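*Asks:* Need a 3D model of the following:
(one chain, ligands or ions: 1)
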Amino acid sequence: MEGPNGFGVYASKDVEPLRRARVIMEIPIELMLTMSQKLPWMFFPDIIPVGHPIFDIINSTKPETDWDLRLACLLLYAFDVEGNFWQLYGDFLPSSEECTSLILAHKDDLLELQDPNLATKMEEQQKRAIEFWEKHWHSTAPLKIKRLARDAERFLWALSIVQSRALAMQIRVGALVQDVNMLVPYADMLNHSFQPNCFLHWRFKDRMLEVMINAGQRIKKGEEMTINYMSGQKNNIFMERYGFSSPTNPWDVINFSSNAKIHLDSYLSAFNISGLPEEFYHNVLLSKGEDNNFVDGAVIAAARTLPTWSDGDVPPVPSVERKSARELQEDCYQLLAEFPTTSEQDQQILDASPDASITRQAAIKYRLNRKLFLEKIIKALELYQERLLF
Ligand SMILES: C[S@@+](CC[C@H](N)C(=O)[O-])C[C@H]1O[C@@H](n2cnc3c(N)ncnc32)[C@H](O)[C@@H]1O
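*Replies:* Below is the predicted model:
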């Protein structure tokens, strides 16, 4: 169904929690486009005839660094094969105007990120793609190649589809275990969540990718089904690859400049965060109602990114803790002040320009989400100071 983040997959009925994970989609390898990550490179299904010039183009690239260019060539080739499934599936793929990938962003859109490093990275990626197209799609290239991507825009679109939709997985086909990059129809309609209710699994006996619901997961009719695209990554990495970001990414990071530190266990208990750093989660059972709305991924990210100390059973001294918390808040205010616009202004700009290109909107949301994240951490540090007394 169409949702706030493009197409998404939604539950058509209530799902009761089961003890075991259960399959909700099965996609056979024959419908996928896959390419192995290492030499000798292979692709499934076997659609490129040896001797076709696209084979040589793919062969001339490096598997380790050019997985996306390679898969884009395979995708463009599939569109050109008479009767290939991807000719039909193409109707479900976002067009250049609908795809959020920053590969398709204009230079001015990249400036809207308010993140010069990310903007430069994306410009380099665009340059790399255009140079690749120019190198292989020159005027003397055979027609068999030319018609796959008549202009650079077509190639950039294919690359943005690959970047924003391909998965990397280890799959077993017969006796062969391979790391592959794959485009999987239908499964590529699942949106990302940091708390997903589904996951992907390769079933080797009949070469199927399964989408499964987590064991013990309850899902209500109409709720979105989601998977986790990547764990442990900051918003800039999500932007680079997929063109979206989140204000509650539990893996976002702040580089604090002050030397202040707060007491880790006190912070965790102030917000009922349980688990080890890699698996911090909000323990809802310990929290009172109001807190359930406050504690989100950003508060969890704070537990990882705030400079903290712990020293056996040495208890924190409240006045020292409060001073440290205030210093860290100051750092956050400083970082906010360095942006040319505030979060309120960003929100106004977004509200006032519903017709802006999708990449421009994604860029503005990215800088807005960064500010919302900093503001949330300031609030969490405020609450931390209040709760320290108890
Ligand atoms: C694999 S596709 C998912 C299906 C896609 N929504 C569509 O319309 O076909 C990945 C793209 O979906 C969007 N997306 C996925 N998860 C998202 C999220 N949590 N927030 C915002 N956009 C998301 C981004 O545009 C991303 O590039």
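*Asks:* For the stretch 1-150 of the chain, just list every one of the strands.
*Replies:* For the stretch 1-150 of the chain, the strands defined by DSSP state E, counting those that start in this stretch cover 2-3, 6-7, 9-10, 22-28, 33-36, 43-44.
*Asks:* So for the ligand, which of the ones you listed sits nearest?
*Replies:* strand 6-7 (2.5 Å; C-beta to the nearest ligand atom). Placement of C-beta: from N, CA and C, glycine included.
*Asks:* Kindly compare burial across the strands of the stretch 1-150 of the chain and name the winner.
*Replies:* Most buried of the strands of the stretch 1-150 of the chain by mean neighbour count (mean count of other C-beta atoms under 10 Å) is strand 33-36; its value is a mean of 22.
*Asks:* where's it relative to the chain centroid, distance-wise?
*Replies:* Strand 33-36 sits 20 Å away from the centroid of its parent chain (C-alpha atoms, centre = their mean, to the nearest Å).
*Asks:* related to what we said a few turns ago, could I get the strands of the stretch 1-150 of the chain in a markdown table, plus columns for distance to Y281 and mean pLDDT?
*Replies:* Output for the strands of the stretch 1-150 of the chain, formatted as a markdown table (distance: least, C-beta to C-beta, whole Å; pLDDT from 0 to 100):
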| stretch | distance to Y281 | mean pLDDT |
| --- | --- | --- |
| strand 2-3 | 26 | 93 |
| strand 6-7 | 28 | 94 |
| strand 9-10 | 24 | 97 |
| strand 22-28 | 23 | 96 |
| strand 33-36 | 34 | 94 |
| strand 43-44 | 37 | 83 |
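*Asks:* May I ask you to name the longest helix in this structure?
*Replies:* Determined from DSSP state H, the single longest helix within the chain is helix 358-388.
*Asks:* now that one: mean pLDDT?
*Replies:* Across helix 358-388, the average pLDDT comes to 97.
*Asks:* does any part of that helix sit near the ligand?
*Replies:* No - on the criterion C-beta under 6 Å from any ligand atom, helix 358-388 is out of touch with the ligand, staying 7.5 Å away.
*Asks:* What about M208, how many residues nearby?
*Replies:* Residues lying near M208 (other C-beta atoms under 10 Å) number 16.
*Asks:* Test my guess that it contacts L31.
*Replies:* No - with contact defined as C-beta atoms under 8 Å, M208 does not reach L31; the gap is 10.0 Å.
*Asks:* returning to what we had before: the strands of the stretch 1-150 of the chain: which one's closest to K220?
*Replies:* strand 9-10 (10.2 Å; C-beta to C-beta).
*Asks:* Return the list of helices and strands in contact with the closest one.
*Replies:* strand 224-227 (3 or more C-beta pairs under 8 Å, 6 or more residues apart in numbering; DSSP states H and E).
*Asks:* Need the CA coordinates for the strand it packs on. PDB is fine.
*Replies:* The C-alpha coordinates for strand 224-227 follow below in PDB (Å, rounded to 0.1, in the frame of the first residue of the first chain):
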ATOM      1  CA  GLU A 224       3.200  -1.700   8.900                       C
ATOM      2  CA  MET A 225       5.400  -4.700   8.500                       C
ATOM      3  CA  THR A 226       9.100  -3.600   8.700                       C
ATOM      4  CA  ILE A 227      12.600  -5.000   8.700                       C
END
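*Asks:* Quick check: next helix or strand after it?
*Replies:* Per DSSP states H and E, the first helix or strand lying C-terminal to strand 224-227 is helix 235-242.
*Asks:* hmm, who's touching that following helix?
*Replies:* By C-beta atoms under 8 Å, 6 or more residues apart in numbering, the surrounding residues in contact with helix 235-242 are 100-102, 113, 115, 117-118, 121-122, 125, 163-164, 192, 229-230, 244-246, 249, 252, 362, 366, 369-370, 373.
*Asks:* cool, and stretch 333-351?
*Replies:* Stretch 333-351 has contacts (C-beta under 8 Å, 6+ apart) with 114, 254, 257, 361, 364-365, 367-368, 370-372, 374-375, 378.
*Asks:* hmm, try it at 6 Å
*Replies:* Identification of contacts with stretch 333-351 by C-beta atoms under 6 Å, 6 or more residues apart in numbering yields Q114, I364, L368, K371, L372, L374.
*Asks:* If anything else comes up later, I'll come back, but that's it for now.
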